[in-house]
Structures are given as structure tokens and as C-alpha cells.
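Student: predicted structure and sequence below. I'll ask about it afterward.
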Amino acid sequence: MRQLRSIDDYSIVKNKKVFLRVDFNVPISGGRVTDSTKIEKLLTNINYLLSNDCKVILASHLGRPQQNGKADLSLLPVKQITEKIFNQQISFLQINHTTKQKIDESKEKLVMLENLRFDPGEETNELEYAKLLSSFADIYVNEAFSCSHRSHASIESITKFISSYAGSTIIDEVKALEKVFSKSKKPVACLVGGSKISSKIDLIINLMPRMDFMVIGGAMANNFLKNDGYNIGKSLFEKNVENTIKKIFDEANKHKCELVLPMDVVCSKKFDQPGVIKKINEVSDDDIILDIGIEGTNKIDQILKKSKTVLWNGPFGLFEYDYFANGTKDISRSIAKYSKKNGLISVAGGGDTFAAIKKSNQQSHFTYISTAGGAFLEWLEGKILPGLKVLENN
């Protein structure tokens, strides 16, 4: 990927109106934002623009209003929590042909637009909608890496009509991913969890040539155990993935990457009952595998101890339930320990992964944690992200 255009000289934004594409697609319950991490992450960047006398136009989507309706998908609760975080008033505006005039006349330095996806032109990448959005500002800055795999009007087409730059969070994200993908210190370990092997196959295959260890966990590992002839009881698995598993084994052998699978697991009959650690050959017909066992996490700890770089995507158990969060917590603690002790370069990504790390209270010890989800995976899969492509230097 070519170098992205970034704002190295902030004199170019001084006294300008900046259209800041952000990802404030945050969880809301009962009309209140329940997790403001994504907003707080941009506090320094936005304050820096404000200190340069910019009028900052915050633009985000929330949910899928074209599919699910607009009810409960207004950004008004996001505007309210953002006012508290920034300790200043924000002008909240609908998007139409009067918006530009209202922005120009507003005395507030912070403006938030209503949900970008309320207009169908956002998701269809409509040029007229993109042109309308671009008319609100002098400069466009994308701080939404997590949305940059979408060919949407506020991500891609808007750059045809306005001077456009990658924000510092995008630059940081790409640098962090490059530490794993193309500039990694060896040995490199990749920890891949989650539920579906079909959603991670491109990631695994694309990373395999660069990895020394590929550690498979979560419900995804059940497919490998079942394929090897082990009883997985009533555990979650996917059908018709035999060829996929064979391909992964073939790639691991081809690239001399050690493929690591669970040696023991935590089983229960129900999600709300404590589990029992069992060897993988001890699982009974009515068991549900819900976490990785102690032998497995000890093995991962030893791999991390001798690694220089680690990439982690996907929890290794049903971490939402405390009974089955221990394996994922142990892995999180091991990564944090060796990041501090040995200088391990630790990069984690995905919403569930971040939530799991946060639950173990180890987030401050990782080199970098991405909340980007789909964009994070697609970048690592080697796919072109439209939102980054349009910001590359010519």
C-alpha cells in the first residue's frame, strides 16, 4: 500500500471547517450510550483541531437504518455524551441543503451531523450525497478506519470533491498492522479465536506464510477436533468445512508454521453452570465445550514467551459468561506480561477481542488494540480498503 496523505503541517487546517468522519457507532440502551470508548479515543485529536481554530463537523453512522428503520438510531444520545466528554456545547444538525448555511452561522466550534445512513445515498455511495456532504467543509479527514472497508459516500466518494487526508488514528492503525504483516520481528505468533472458521479462513491463509505459530481457539477449534475424530458433544461447529481444514493444515506444512490446537477444554451442560476441565479425548456426548483448559493456556504462554510479535483476533471461550472467561483472561494476562517484560509487540483487533481484553483489565499493556472489526480483518486478509485507497499519495 502506498503512503497515505496525512496532515503533517497543521497550518493547512488552521481556521478551516473540517469534515471529520468518525466512527461513533456506539452501543445505546434506553436512550443512553453504554460505552463511549470510541468517542474518548478521539478526544486528543479533536481538541487539537479546536486549538487550531477549526470548526469541526463530526460525521458518523449508527446502525443500519435502511434495513431496520430509523427508530432509536438517531445520533442525539451520542451528541449528548460527546458534549459531556468535551465539556462544551455541540450544534446538532439534520443533513439537507440548509446544513451548510447553519454550520456557517453556528457559534459552536463543534457540530455533529445526524446519522449519515438516514439517507440511502450513504450506503449506495451516491455522488450527489457525497457532494452535498463535502460542501459543508473546507477539508475532509477520515478518522474511521473501522468504516474504511466500505464504499460509502462519506468514506469514498466525498474525496472526489474536497481536499482529503487520513487522520492520525488511521496512520497509527496501519503502522500497527504493518508491524505484524510486513515489518514483524520474529518469531511471530497469531492467535485466532471466535466461532466460525469460514469467516477467518482468508485471514489464516494470508497470514500463514508470515507466522511461526498459528494458535486456533474458541468454538472454531471444535471443527479441528471433530475433524481429528474427537467427540465434541453438543458443542458449536460448522458443517462441510473438511476441505477448509485440510487447506489450513497444508498451508501450515508448506510454510513451516506450527499449528497449535487445544489439548484440554472446559465443558459444561449449560451456559449458566460452572465447567469441568477435560482432556480433548474425555468429552462426553452431552458436553458443551465453552473454554480452553489450563494446559492449553500454559502452552500458549510458552509460545508467547519466545515470540517477538503477536497478533490476536477472537476470544478463546464464551467470555461473556464469567465461568468461561478464564482461558481468554489468562491469554490476555500472558500477552500483557511479555509485552512489559520482554518487549513483545502485541497487536489485538476486533470488537469481541477488545471487550475480552477490557474484561481482564489488561488493555493498557498491549502495543495496539484495534476496535475496527471488519476493516481490521480485511486489511490483514490482503484486501484493498476503499476508504484508504482514495487517500493514498499519487
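Tutor: Alright, I've got the coordinates. Since this is a predicted model, take the numbers as computed values, not measurements.
Student: using PDB, write out every CA atom in the lengthiest helix in the chain.
Tutor: What stands out as the longest helix in the chain, according to DSSP state H, is helix 326-341. What follows is helix 326-341, C-alpha atoms only, in PDB (Å, rounded to 0.1, in the frame of the first residue of the first chain):
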ATOM      1  CA  ASN A 326     -10.700 -17.700  32.400                       C
ATOM      2  CA  GLY A 327      -8.900 -19.000  29.300                       C
ATOM      3  CA  THR A 328      -9.300 -15.700  27.400                       C
ATOM      4  CA  LYS A 329      -8.300 -13.800  30.600                       C
ATOM      5  CA  ASP A 330      -5.100 -16.000  31.000                       C
ATOM      6  CA  ILE A 331      -4.100 -15.300  27.400                       C
ATOM      7  CA  SER A 332      -4.700 -11.600  27.900                       C
ATOM      8  CA  ARG A 333      -2.500 -11.600  31.000                       C
ATOM      9  CA  SER A 334       0.200 -13.600  29.300                       C
ATOM     10  CA  ILE A 335       0.400 -11.100  26.400                       C
ATOM     11  CA  ALA A 336       0.400  -8.200  28.800                       C
ATOM     12  CA  LYS A 337       3.100  -9.800  30.900                       C
ATOM     13  CA  TYR A 338       5.500 -10.400  28.000                       C
ATOM     14  CA  SER A 339       4.700  -7.000  26.400                       C
ATOM     15  CA  LYS A 340       6.000  -5.400  29.600                       C
ATOM     16  CA  LYS A 341       8.800  -7.900  30.400                       C
END
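Student: sheet partners, orientation included, of the helix or strand just after that helix?
Tutor: Next along the chain after helix 326-341, taking DSSP states H and E as the criterion, comes strand 345-349. The sheet places strand 345-349 alongside strand 309-313 (parallel), strand 368-370 (parallel), with pairing taken from DSSP bridges.
Student: by mean pLDDT, show me the worst of the ones you listed.
Tutor: The minimum mean pLDDT among the strands paired with strand 345-349 belongs to strand 368-370 (a mean of 89).
Student: chain center to that strand: distance?
Tutor: Distance of strand 368-370 from its chain centroid, counting by Cα atoms, centre = their mean, to the nearest Å, is 8 Å.
Student: got it, and stretch 342-351?
Tutor: Worked out by Cα atoms, centre = their mean, stretch 342-351 lies 13 Å from the chain centre.
Student: and it, how far apart are its ends?
Tutor: End-to-end distance of stretch 342-351 (Cα to Cα, to the nearest Å): 26 Å.
Student: list the buried residues of that stretch.
Tutor: Neighbour-count burial for stretch 342-351 flags 344-350 (criterion: 16 or more other Cβ atoms under 10 Å). C-beta here means a position set from N, CA and C on the backbone, and glycine is covered the same way.
Student: mean confidence score for it?
Tutor: 90.
Student: what do you get for stretch 40-56?
Tutor: Rounded mean pLDDT across stretch 40-56 is 95.
Student: and that stretch, what's buried?
Tutor: Using 16+ other Cβ under 10 Å as the test for burial, stretch 40-56 gives 42, 45-46, 49-50, 52, 54-56.
Student: repeat that for stretch 199-212.
Tutor: Buried-residue list, stretch 199-212, by 16+ other Cβ under 10 Å: 200-201, 203-208, 210-212.
Student: now find how far off-centre it is within its chain.
Tutor: Distance, stretch centre to chain centre, for stretch 199-212: 17 Å (Cα atoms, centre = their mean).
Student: ok, residues contacting it?
Tutor: Stretch 199-212 is touched from outside by 180-182, 184, 186-190, 192, 194, 214, 220, 244, 247-248, 251-252, 254-255, 257-258, 307, 311, 313-314, 377, 380-383, with contacts defined as Cβ atoms under 8 Å, 6 or more residues apart in numbering.
Student: alpha carbons only: can I get that stretch in CSV?
Tutor: What follows is stretch 199-212, C-alpha atoms only, in CSV (Å, rounded to 0.1, in the frame of the first residue of the first chain):
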residue,chain,number,x,y,z
SER,A,199,-15.2,-16.1,8.5
LYS,A,200,-11.4,-16.4,9.4
ILE,A,201,-10.1,-18.7,6.6
ASP,A,202,-8.9,-15.8,4.4
LEU,A,203,-7.1,-14.3,7.4
ILE,A,204,-5.4,-17.5,8.4
ILE,A,205,-4.3,-18.4,4.8
ASN,A,206,-3.0,-14.9,4.1
LEU,A,207,-1.0,-14.7,7.4
MET,A,208,0.3,-18.2,7.4
PRO,A,209,3.4,-17.5,5.3
ARG,A,210,4.5,-14.8,7.8
MET,A,211,3.7,-16.7,11.0
ASP,A,212,5.8,-19.1,13.1
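Student: residue 60 touches residue 23, doesn't it?
Tutor: Yes - contact status for residue 60 versus residue 23: in contact at 6.2 Å, counting by Cβ atoms under 8 Å.
Student: any common contacting residues for those two?
Tutor: Common neighbours of residue 60 and residue 23 (Cβ under 8 Å, 6+ apart) are residue 144.
Student: for the stretch 1-150 of the chain, give me the ranges with low pLDDT.
Tutor: 1 (pLDDT under 70).
Student: how close does residue 239 sit to residue 257?
Tutor: 26 Å (Cβ to Cβ, to the nearest Å).
Student: got it, and residue 204?
Tutor: Computed as Cβ to Cβ, the residue 204 to residue 257 distance reads 10 Å.
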